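In: Got a predicted structure plus its sequence, pasted below:
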Amino acid sequence: MSTRQAGTGARGSTRAGMTAVLLLAAAVAMMLLVRARPATQPFDPRSDAASGTRGLVILLRHEGASVEVVHDAPAPGSDRRVLVLQDRLSASQHSDLLAFAAAGGVVVMADPGSALLGPQITTATVGDGTMPPIRDLAAETVVPVASCDIPALQHLRGLFVLHGVLFARSGTLRHCFGSDGSLVIVHPHGTGVIVQLGDNALFTNQLLRYADNGGLATALLAPAPGANVSIFVGDGPAPSSPTGESGGGGQKLADLVRPGVWMAFAQLALAFVVFAIARAVRPGRPVREPEQVPIAGSELVVATGVLMQRAQHASRAGSLLRFQAHRTLCERHHLPASTPVSVLDAAITAGSPVLSGTVTEVLEREVHDAAGLLRLSNDLHLIQIRTAPEGAHP
């Protein structure tokens with residue numbers, strides 16, 4: 001092996017090693033910086049999205065409450081207050097929650113479609129689900145207190161609801177908010193109570209700040225500092241809305257792809273870029289390439305023309321020009337190559353400004369010197385220009 005070949009092999013090995021190190025470093029950096037995070041669900045107490053409820057957790061803690069997210073109901077007799085934002089509880093979790101309430105616990109069921117207390121009779125719906133401009137808040141989206149026999153809520157003025165339901169009133173149940181029905185119904189259960197709400201979206205980050213939505217949350221869950229609040233989160237599917245709307249349906253096919261798959265595609269793209277850059281760098285001086293070999297045919301044509309010029313073959317050159325012009329004019333007018341000059345003259349004269357007899361005179365003109373050859377060439381070129389189709393080059 002020569003010294004040059006050995007040096008080239010060493011440089012190639014070094015370049016491959018550097019490329020592998022760069023790819024490994026990029027993969028490790030992406031794995032550390034881009035972590036796969038599962039998408040948050042609506043009413044998630046950890047979510048800052050408009051449909052999340054992290055603002056509710058911050059509000060309750062600001063009022064002195066201890067808030068925790070649980071997946072099991074508190075033990076019966078516990079002094080905690082339980083909030084269920086979306087009823088995704090199983091049958092056993094329902095039983096545990098009812099046992100907790102029967103032992104004196106307070107349960108706030110914010111989901112109007114919950115099956116915890118069985119089917120609920122509704123009398124009306126509130127709002128159409130459309131968020132109006134803040135300066136034009138429609139009066140029908142604010143549910144007034146109206147007749148309220150729940151002492152803890154009588155100091156509130158009204159709730160801002162985009163799309164909720166009003167439950168039918170009963171003489172044995174305490175109620176509040178609404179005139180044709182009640183948005184809040186209190187059901188006694190054993191020695192405890194279950195507070196049923198007609199809308200759970202009023203506790204989301206988007207709507208918590210409007211009207212007395214935040215006041216309702218603190219009045220029910222943190223009436224005094226030191227309260228213990230458990231946000232009960234289930235693992236089942238989200239129920240359908242009692243207003244007739246089923247699940248959001250906002251996910252697309254791309255949302256079903258795991259974040260790790262997108263990370264893999266990104267790493268492959270980055271690896272391709274690094275590899276292309278590494279292969280594009282060519283060590284050493286540029287290699288000079290030989291000039292392209294001229295086409296032999298072009299030299300033959302030039303040489304032939306020079307010889308004819310030196311031999312004074314004007315008549316032969318004129319014959320070649322007339323023959324080429326005759327064939328070109330026949331092709332242009334869709335005539336056979338054997339068409340007589342007189343017939344070609346008549347065909348050209350009928351559809352062009354060329355005078356009758358001009359084509360015949362030029363195509364039958366004999367040339368004896370260089371001046372005549374030049375004049376013949378000019379006349380043939382003029383005929384081709386005048387007979388060329390519009391927009392075409394002669």
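Out: Thanks, I have it. Numbering: from 1, shown residues only.

In: low-confidence ranges in the stretch 201-350 of the chain?
Out: 237-257, 281-284, 292-312 (pLDDT under 70).

In: try 90
Out: For the stretch 201-350 of the chain, the stretches flagged by pLDDT under 90 are 201-202, 206-215, 219, 223-225, 233-350.

In: buried sites along stretch 199-213?
Out: 199-208, 210-213 (16 or more other Cβ atoms under 10 Å). The C-beta positions use only the backbone N, C-alpha and C, and glycine is treated the same way.

In: of all the residues you listed, which comes closest to Ala110?
Out: Asn200 (3.8 Å; Cβ to Cβ).

In: Skip the chain neighbours and tell me the closest residue to the closest one.
Out: Ala110 (3.8 Å; Cβ to Cβ, 6 or more residues apart in numbering).

In: so can I have JSON lines of the buried residues of stretch 199-213 showing distance to Ala314?
Out: As requested, these are exported to JSON lines (distance: Cβ to Cβ, whole Å):
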{"residue": "Asp199", "distance to Ala314": "105"}
{"residue": "Asn200", "distance to Ala314": "104"}
{"residue": "Ala201", "distance to Ala314": "100"}
{"residue": "Leu202", "distance to Ala314": "104"}
{"residue": "Phe203", "distance to Ala314": "104"}
{"residue": "Thr204", "distance to Ala314": "99"}
{"residue": "Asn205", "distance to Ala314": "97"}
{"residue": "Gln206", "distance to Ala314": "96"}
{"residue": "Leu207", "distance to Ala314": "100"}
{"residue": "Leu208", "distance to Ala314": "102"}
{"residue": "Tyr210", "distance to Ala314": "102"}
{"residue": "Ala211", "distance to Ala314": "106"}
{"residue": "Asp212", "distance to Ala314": "110"}
{"residue": "Asn213", "distance to Ala314": "105"}
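
In: so which of those residues comes closest to Cys148?
Out: Checking those one by one against Cys148 (Cβ to Cβ), the nearest turns out to be Asp212, at 11.8 Å.

In: List the contacts of the closest one.
Out: Leu156, Arg157, Gly158, Leu159 (Cβ atoms under 8 Å, 6 or more residues apart in numbering).

In: circling back to that earlier point, looking at the buried residues of stretch 199-213, which are in helices?
Out: Counted as lying in helices by DSSP state H, out of those, are Asn213.

In: Do me a favour and get the end-to-end distance for stretch 327-344?
Out: 10 Å (Cα to Cα, to the nearest Å).

In: Could you verify that Val69 is part of a strand?
Out: Yes - per DSSP: H, G, I helix; E, B strand; the rest coil, Val69 lies within a strand segment.

In: partners of it in the sheet?
Out: For Val69, the beta-bridge partners are Ile231 (DSSP bridges).

In: how is this structure carved up into domains?
Out: Following automatic domain parsing, the chain resolves into domains at 54-131+138-238, 296-387.

In: From His163, how far out is Val341?
Out: The gap separating Val341 from His163 is 92 Å, by Cβ to Cβ, to the nearest Å.

In: cool, Ser90 as well?
Out: On the measure of Cβ to Cβ, Ser90 and His163 end up 27 Å apart.

In: swap in Ala224?
Out: 32 Å.

In: So between these two, which is more surrounded?
Out: Set side by side, Ala224 and His163 show more neighbours around His163, with 19 against 9, by other Cβ atoms under 10 Å.

In: Am I right that that one is in contact with Leu183?
Out: No - with contact defined as Cβ atoms under 8 Å, His163 does not count as touching Leu183 (11.9 Å).

In: what sits in contact with each of the two?
Out: Joint contacts of His163 and Leu183 (Cβ under 8 Å, 6+ apart) are Val126, Asp199.

In: which residues of the protein fall in helices?
Out: Using DSSP H, helices in the chain cover 3-33, 54-62, 91-102, 213-221, 259-280, 296-310, 314-332, 341-350, 358-363, 370-387.

In: Export these to CSV and append columns for distance to Asp79.
Out: Formatted as CSV, the helices of the chain follow (distance: least, Cβ to Cβ, whole Å):
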stretch, distance to Asp79
helix 3-33, 44
helix 54-62, 15
helix 91-102, 11
helix 213-221, 13
helix 259-280, 41
helix 296-310, 103
helix 314-332, 105
helix 341-350, 112
helix 358-363, 116
helix 370-387, 106
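
In: Of those helices, which stretch is the most buried?
Out: helix 213-221 (a mean of 21; mean count of other Cβ atoms under 10 Å).

In: Using CSV, list the CA coordinates for that helix.
Out: In CSV, the C-alpha atoms belonging to helix 213-221 read as follows (Å, rounded to 0.1, in the frame of the first residue of the first chain):
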residue,chain,number,x,y,z
ASN,A,213,-67.4,30.7,39.8
GLY,A,214,-64.4,30.9,42.1
GLY,A,215,-66.6,31.9,45.0
LEU,A,216,-68.7,28.8,44.5
ALA,A,217,-65.6,26.6,44.6
THR,A,218,-64.3,28.1,47.9
ALA,A,219,-67.7,28.1,49.5
LEU,A,220,-68.2,24.4,48.8
LEU,A,221,-64.7,23.1,49.3
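
In: Which elements pack onto that helix?
Out: helix 54-62, strand 81-84, strand 106-109, strand 158-160 (3 or more Cβ pairs under 8 Å, 6 or more residues apart in numbering; DSSP states H and E).

In: For Gly190, which of the ones you listed is the nearest?
Out: Of all these, strand 106-109 comes closest under Cβ to Cβ, at 11.0 Å.

In: How far off centre is the closest one?
Out: 41 Å (Cα atoms, centre = their mean, to the nearest Å).

In: same deal with stretch 194-203?
Out: Taking mean C-alpha positions (Cα atoms, centre = their mean), stretch 194-203 and its chain are 35 Å apart.

In: hmm, back to that, return the member of the buried residues of stretch 199-213 nearest to Arg81.
Out: Nearest to Arg81 among the buried residues of stretch 199-213, with distances taken as Cβ to Cβ, is Phe203, at 13.9 Å.

In: Would you mind confirming that that closest one makes contact with Leu56?
Out: Yes - assessed by Cβ under 8 Å, Phe203 is found in contact with Leu56 at 5.0 Å.
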